[in-house]
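Peer 1: Predicted model and sequence below, questions to follow.
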Amino acid sequence: MTPVDPPRVVVLCVTDEAASRSLVDQHLHRWLPGTVVIEHGTVSPACARDTARRCKEAGLRYIDAPLSGGADGARRGVLVAMLGAEPADRAVVMPVLGAYCAHVVPVGAPGDGQTCKLANQLAIAGIAAGLAVAQRFALANGLNLETVFTALAHGSAQSEIGRAHV
């Protein structure tokens, strides 16, 4: 029986789409065929789909797996990856992602992970807007903000964003 080489994996986690495109442009033809490229940065779904196409043409496999949880989630070991991958590639990346993500949620094909991340960001924006309204309401009615946010952090309005205000 011949041993099987494990897949080569490149993990990208850069600040923005321009940085991701630049890295891919510089290295696309240097990565060995069959290499799995995992994109953790937040890029547009169109960028993810384009990079997936380019990787496929170069004999590579591309997965978009943006993360949720931030630096605090990474420290606490509770990151969530929103996995956009071809079905055959999911099993290959699960052991890699499982090493540092508490949850890996397959959401569809490459690009769909980024679309899910956008939905996540919309939900976070809604929470932040609600907290801003609650803060203004509490101040307008003479309440102590520290007390209000302590109550919110322990009640039904609890959220990571709300706890950050306490």
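Peer 2: The structure has been received and is ready for your questions. Quick caveat: nothing in here was measured; it's all calculated off a predicted structure.
Peer 1: any low-confidence regions in the chain?
Peer 2: Where the chain drops to pLDDT under 70, the residues are 1-6, 159-166.
Peer 1: go again using 90 as the cut-off
Peer 2: The model of the chain has pLDDT under 90 over residues 1-7, 70-71, 73, 124, 127-128, 131, 149-166.
Peer 1: Show me the strands in it, by range?
Peer 2: Ranges of strands within the chain are 9-12, 36-39, 61-64, 67-68, 80-84, 103-108, based on DSSP state E.
Peer 1: now for those, which one comes closest to Gln135?
Peer 2: With CB to CB, the closest approach to Gln135 among these belongs to strand 67-68: 23.9 Å. To be clear about C-beta, it is placed using only N, CA and C from the backbone, and glycine gets the same treatment.
Peer 1: I figured Val36 was touching Val11, is that so?
Peer 2: No - with contacts counted by CB atoms under 8 Å, Val36 stays clear of Val11, the gap being 9.2 Å.
Peer 1: returning to what we had before: most packed of the strands of the chain?
Peer 2: Ranked by mean neighbour count, the strands of the chain are led by strand 61-64 with a mean of 28 (mean count of other CB atoms under 10 Å).
Peer 1: tell me which strands and helices it is in contact with?
Peer 2: If contacts are counted by 3 or more CB pairs under 8 Å, 6 or more residues apart in numbering; DSSP states H and E, strand 61-64 sits against strand 36-39, helix 45-57, strand 80-84, helix 87-98, helix 112-140.
Peer 1: Format those as a markdown table; extra columns: distance to Ala19.
Peer 2: As requested, those are arranged in a markdown table below (distance: least, CB to CB, whole Å):
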| stretch | distance to Ala19 |
| --- | --- |
| strand 36-39 | 11 |
| helix 45-57 | 11 |
| strand 80-84 | 19 |
| helix 87-98 | 21 |
| helix 112-140 | 15 |
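Peer 1: Leu67 is nearest to which of these?
Peer 2: Of all the helices and strands packed on strand 61-64, it is strand 80-84 that lies closest to Leu67, at 5.7 Å by CB to CB.
Peer 1: counting contacts, what elements does the closest one pack onto?
Peer 2: Right, strand 80-84 is packed against strand 61-64, strand 67-68, helix 87-98, strand 103-108, helix 112-140 by 3+ CB pairs under 8 Å, 6+ apart.
Peer 1: which one of those lies closest to Leu152?
Peer 2: Proximity to Leu152 (CB to CB) singles out helix 112-140 among the helices and strands packed on strand 80-84, at 6.9 Å.
Peer 1: what sits in contact with each of Val36 and Val11?
Peer 2: Val96 (CB atoms under 8 Å, 6 or more residues apart in numbering).
Peer 1: Good, wrapping up.
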